[in-house]
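1. next comes the sequence, and after it the predicted model I'd like to discuss.
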Protein chains: 2
Amino acid sequence: MTQSTENTSYKDIKKTVLARIRSGEWQPDSLLPNESELATEFSCTRTTVNRALRELAEEGYLERRRKAGTRVLSAPQRQARFTIPMVRDEVEALGGTYRYALVSCDQKTAPDWLTARLALSPGQDVVHVRCMHYSGNTPFQYEDRWIVTDSVPQVKQANFSEIGPNEWLIQTVPFTNVELTFLASRADAALADFLDVAEGEPVFTGERITWLEGRPVTFAKMYFAAGYRMTTQF
Amino acid sequence: MTQSTENTSYKDIKKTVLARIRSGEWQPDSLLPNESELATEFSCTRTTVNRALRELAEEGYLERRRKAGTRVLSAPQRQARFTIPMVRDEVEALGGTYRYALVSCDQKTAPDWLTARLALSPGQDVVHVRCMHYSGNTPFQYEDRWIVTDSVPQVKQANFSEIGPNEWLIQTVPFTNVELTFLASRADAALADFLDVAEGEPVFTGERITWLEGRPVTFAKMYFAAGYRMTTQF
DNA sequence: ATTTCGTATATGTATAAATATTTAAAGTCT
DNA sequence: AGACTTTAAATATTTATACATATACGAAAT
């Protein structure tokens, strides 16, 4: 009954603007009318137009600069957003039963490559955890993780035989910055055994470095089982 | 001189809220004070608090529901955002000189696997383009692309000998939806030659399906040269 | 005990009106 | 011509206020 015939919500404006870009009415690189003019056109306030355009810029369709105005981006730099789930959730979402197994856990001095990679001081201690994540009895992911003892002193008391280091870390220490890398690597003999693939097979691999206020917390390599695909829609 | 001692911008509020979460003052799963109370505390309007909390929720730190309030997410589902650049830009950003070469371009009936993958009607026509992207004289990416003729009729007149199909598509047809997948695949003999790696080597691979208002536009497989790493920070 | 319904409450959005900030562009002075 | 300064135009943010909308929760009805 109270059906609104107005088209002036910021969402409607977003849709309209996007439609005009897609239809070619507003060509790439061209300047849009300014916020006030659009507010007049849509008979709403500039605030509402502002929100619509701000979000479209955030989504990578527009570029906005004070005084210069708002223009249509020629090559919409749409960003793919991947939600990085915890292994357990990912396995369960795929209908499997999650199982965790510790492979090894040692405290030692950081190897040179890790010292370099994380910009540690020479001789800093780390805890090295290797473990497996299964979906049922099928290997799902092999995890090779290093935790910087100085940044996470509690790790010396941690017991990773029942809980994975990732879940433990999330419950224990916050983080402020993350670097995430994906690549294709080769299964060496050991990894091939863990993941139950032939030696030399391609393995989808993720690397994750986590910092807390500039201090390195952990470096993890995650090797996924054969056939793994990381997908997103947008 | 005019240094503001106020801490009431929405950005300051975001920082403060985040700090309280990190310090444990606001525990995971706990409810935050409501917007009005926070507005009073920060001596600003509810609008400002709203924006701060809305963005923090967007960034994956908070969960908000009407009437239920705002609560701290226990496992912050921080999303990795990858900006997917065009090959040319990526090569140039790495300091290389971009070079493009067409390998083949044919119009044909869509193969069965593609018909299934894109939910085409049996017998629909596609243009199949294969091409290489180089950084200087080093192979950078091998691209294997299929363009649905019915969705992009202009493709029949397109000439891909000078311009890559991706750049052409971006200039020619808009898109509304994208599915992006990454995986590790094995270089077969042909691919190994193109990318100048040994047969059987792991190859970081992207697949991209693009739609325009529900109609499939294009399917592309992108095979990256050895050593490619896709990285993001957040 | 279970369902239905009403209502209060917290977030969501919009308006109107300022002030703040950035910066392109024009003007001024060597 | 080049360097600095001013101006004005656009976006960015905040305030104050109102109304909209979803929904948790409790009361009433079955």
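-> Okay, I see it.
2. look at A:Y223 and tell me its secondary structure.
-> Under the three-state scheme (DSSP: H, G, I helix; E, B strand; the rest coil), A:Y223 adopts strand.
3. what's the closest non-adjacent residue to it?
-> A:Y142 (4.4 Å; Cβ to Cβ, 6 or more residues apart in numbering or on different chains). Where C-beta positions appear, they are placed from N, C-alpha and C, glycine not excepted.
4. for chain A, name the helix or strand with the lowest mean pLDDT.
-> strand A:79-83 (a mean of 77; mean pLDDT, DSSP states H and E).
5. after it, next one along is what?
-> Using DSSP states H and E, the helix or strand that follows strand A:79-83 towards the C-terminus is helix A:87-93.
6. which elements pack onto whatever helix or strand comes next after that following helix?
-> Once helix A:87-93 ends, the next helix or strand along the chain (criterion: DSSP H and E) is strand A:98-109. If you count contacts as 3 or more Cβ pairs under 8 Å, 6 or more residues apart in numbering or on different chains; DSSP states H and E, strand A:98-109 packs onto helix A:87-93, strand A:125-135.
7. and those, which is most packed in?
-> Mean neighbour count (mean count of other Cβ atoms under 10 Å in any protein chain shown) peaks for strand A:125-135 among the helices and strands packed on strand A:98-109, with a mean of 20.
8. residues from chain A in reach of DNA strand C?
-> Neighbours of DNA strand C within chain A, by Cβ under 7 Å from any atom of the strand: A:8-12, A:43-48, A:51, A:65-68.
9. which ones among the residues you listed are found in strands?
-> Using DSSP state E, the subset of the residues of chain A next to DNA strand C located in strands is A:R65.
10. from the residues of chain A next to DNA strand C, pick the one nearest A:A75.
-> A:R65 (17.5 Å; Cβ to Cβ).
11. what's the burial count for that closest one?
-> 8 (other Cβ atoms under 10 Å in any protein chain shown).
12. related to what we said a few turns ago, which strands and helices sit next to the least confident helix or strand of chain A?
-> Where contact means 3+ Cβ pairs under 8 Å, 6+ apart, strand A:79-83 is packed against strand A:230-233, strand B:79-83.
13. one more time with 6 Å, if that's ok
-> Strand A:79-83 sits against strand B:79-83, with contacts defined as 3 or more Cβ pairs under 6 Å, 6 or more residues apart in numbering or on different chains; DSSP states H and E.
14. give the pairing partners of the strand it packs on; include direction for each.
-> strand A:79-83 (antiparallel) (DSSP bridges).
15. buried residues in the strand it pairs with?
-> Across strand A:79-83, burial judged by 16 or more other Cβ atoms under 10 Å in any protein chain shown covers A:79-80, A:82.
16. closest one of those to DNA strand C?
-> Comparing the buried residues of strand A:79-83 against DNA strand C with Cβ to the nearest atom of the strand places A:Q79 closest, at 21.1 Å.
17. what residues are up against that closest one?
-> Contacts for A:Q79 (Cβ atoms under 6 Å, 6 or more residues apart in numbering or on different chains) come out as A:60, B:81, B:83.
18. cool, and A:E179?
-> Listed by Cβ under 6 Å, 6+ apart, the contact partners of A:E179 are A:209, B:233.
19. and it, how far is that from A:E207?
-> 8 Å (Cβ to Cβ, to the nearest Å).
20. next one: A:L102
-> With Cβ to Cβ as the criterion, A:L102 and A:E207 are 21 Å apart.
21. circling back: buried ones among the residues of chain A next to DNA strand C?
-> Among those, those classed as buried by 16+ other Cβ under 10 Å are A:8, A:10, A:12, A:44, A:48, A:51.
22. name the nearest residue to the closest residue to DNA strand C within chain A, sequence neighbours excluded.
-> Proximity of chain A to DNA strand C (Cβ to the nearest atom of the strand) peaks at A:S9, 2.5 Å away. Ranked by Cβ to Cβ, 6+ apart and with sequence neighbours excluded, the top spatial neighbour of A:S9 is A:T48, at 7.5 Å.
23. need the pLDDT of that neighbour.
-> Predicted confidence (pLDDT) for A:T48: 97.
24. picking that back up, out of the helices and strands packed on strand A:98-109, which gets the lowest mean score?
-> With a mean of 90, helix A:87-93 has the lowest mean pLDDT of the helices and strands packed on strand A:98-109.
25. rounded mean pLDDT for stretch A:168-180, please.
-> Stretch A:168-180 comes out at a mean pLDDT of 87.
26. buried set for it?
-> A:168-170, A:173-175, A:178, A:180.
27. could you point out which element follows the strand or helix carrying A:Q141?
-> Using DSSP H and E, the element containing A:Q141 is strand A:138-148. Sequence-wise, the next helix or strand downstream of strand A:138-148 (DSSP H and E) is helix A:165-172.
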